[in-house]
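J.: compute the structure for the input listed below.
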Amino acid sequence: MLNYLKRLFFVDKWIFISVFLLAALSLTMIESTDYDGAFVLTREFVVQAASYVLGFVVIFIMNKFSYTALKGTEKWLYLAAIVLLLTVYIPGLGVDQFGSRAWIKIPGLTTIQPSEFVKILFILIMAMYFAKHRNDLHDFKGLLKAGAVAAPIILIVLKEDLGSALVFAAIWLAMLFLAGVSYRVLAKFFLIIALAIPVAYKFMADYQKVRIEAFLHPDNLSLEGNFQVWQSKIAIGSGGFFGKGLFQGSQKSLDFIPVQKSDFIFSVIGEELGFIGGALTILLFAFLLYRIARMINFTGDDTGALIVVGILGMFIFQVFENIAMTMGIMPVTGITLPFISNGGSSILSNMMAIGLVLNVYLSGNNISFKVSGKASTLTV
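T.: Numbering: from 1, shown residues only. Purely as a prediction, here's the structure:
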């Protein structure tokens, strides 16, 4: 056990430090949303803290084994992903929240969002597929096959959750670039997607259409979402350079900031901690993403490199979309801010992604400890 802990410590400890700081910020801001002259231990705070603790346990367990043991299981992982996504339609299990049916209810416990965990499966599936078919991506037929593999999962998610579907698409594109797709072929693919958008729009859910309309007409506060974004921008702007002070946000206390524990938690950061707090949060994310990107240079094979790039693409898109959404730069899609927004499913999924990155590094470099008496020798 001691040697295994040393083995984990040998990997980039700055990743652990970054995640720990983001966890501390998350718990602080969640507590701030409930603060009313006194500290309150809410269910959301407890679930968030427990999710982080469980997340570190999951990282520990994941790195007892190598991801290479999963090679050749992509068909079974694909089936598991589809089944997991379809559980939301099981009567008595799937529940509607925030206008979509994307959660399942665990009796006596909490709700779980299956798509959060399917992201990890999707990354593994596409990494194994691209590693085997890199040479096929130089022609349009090969690209269409790669799109056909990803499409069923993305379309199932899109039916209920536009934001999550966009995350899956971002993961796919990031991995596609590393796999060496021909830019000429990719341009043709994007042209087809652009031509298909008007058709796809007709099949979108009403709430999804409203969000798009709201983004295209930001001054129309009668459209759902625009009023919330307007209040978010007021909160961030009112924070000024240094902020109003931790636990002192007025827009937050008066509930003008919508969904302030999850989707718009960055608005609370901006109001209470100001430009300095918001900038430091972004820099912390940038540092974490940089440390993850470095891992690409230490992977042992194409599959490992593709896994790291998929996770990197997932985090980059989610961070950008969420923060830009709170400022009205991007449409409201319900994408949470990784590691900070409230949500057990999201936190566990993010921690699993970190565990997978570390696993790729350890496996690619064959890092282990051999103990002889009291001395330990590192083998790389």
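J.: show me the shaky parts of the stretch 151-300 of the chain.
T.: By pLDDT under 70, the stretch 151-300 of the chain contains no weakly predicted segment.
J.: helices along that one, start to end?
T.: 162-178, 183-202, 206-216, 226-238, 250-253, 265-294 (DSSP state H, counting those that start in this stretch).
J.: which stretch among these comes nearest residue 244?
T.: helix 265-294 (5.7 Å; Cβ to Cβ). Where C-beta positions appear, they are placed from N, C-alpha and C, glycine not excepted.
J.: how far off centre is the closest one?
T.: Remark: helix 265-294 is offset 15 Å from the chain centroid, using Cα atoms, centre = their mean, to the nearest Å.
J.: give me the next element, helix or strand, following that helix.
T.: helix 302-326 (DSSP states H and E).
J.: would you mind listing the buried residues in that next one?
T.: Within helix 302-326, the residues scored as buried using 16 or more other Cβ atoms under 10 Å are 302-323, 325-326.
J.: please apply the same query to stretch 96-106.
T.: Taking 16+ other Cβ under 10 Å as the criterion, stretch 96-106 shows 99-100, 102-104 as buried.
J.: want to try CSV for the residues you listed, with secondary structure, pLDDT and distance to residue 66 as columns?
T.: Compiled in CSV, the buried residues of stretch 96-106 are given as follows (DSSP: H, G, I helix; E, B strand; the rest coil; pLDDT from 0 to 100; distance: Cβ to Cβ, whole Å):
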residue, secondary structure, pLDDT, distance to residue 66
99, coil, 64, 41
100, strand, 70, 37
102, strand, 79, 32
103, strand, 79, 32
104, strand, 85, 30
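J.: and the residues you listed as JSON lines, adding distance to residue 287?
T.: As requested, the buried residues of stretch 96-106 are exported to JSON lines (distance: Cβ to Cβ, whole Å):
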{"residue": "99", "distance to residue 287": "35"}
{"residue": "100", "distance to residue 287": "33"}
{"residue": "102", "distance to residue 287": "31"}
{"residue": "103", "distance to residue 287": "32"}
{"residue": "104", "distance to residue 287": "35"}
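J.: now do the nearest residue to residue 281 once chain neighbours are set aside against residue 278, distance only.
T.: In this structure, residue 281 finds its nearest non-sequential neighbour in residue 269, 5.8 Å apart by Cβ to Cβ, 6 or more residues apart in numbering. For residue 269, the distance to residue 278 equals 6 Å [Cβ to Cβ, to the nearest Å].
J.: which residues do these two both contact?
T.: Common contacts of residue 269 and residue 278 (Cβ atoms under 8 Å, 6 or more residues apart in numbering): none found.
J.: what's the pLDDT at residue 368?
T.: You'll see residue 368 listed with a pLDDT of 50.
J.: still on that earlier bit, measure how buried the residue nearest to residue 281 is and give me the count.
T.: Here the number of neighbours of residue 269 (other Cβ atoms under 10 Å) works out to 29.
J.: can you check residue 252 too?
T.: 23.
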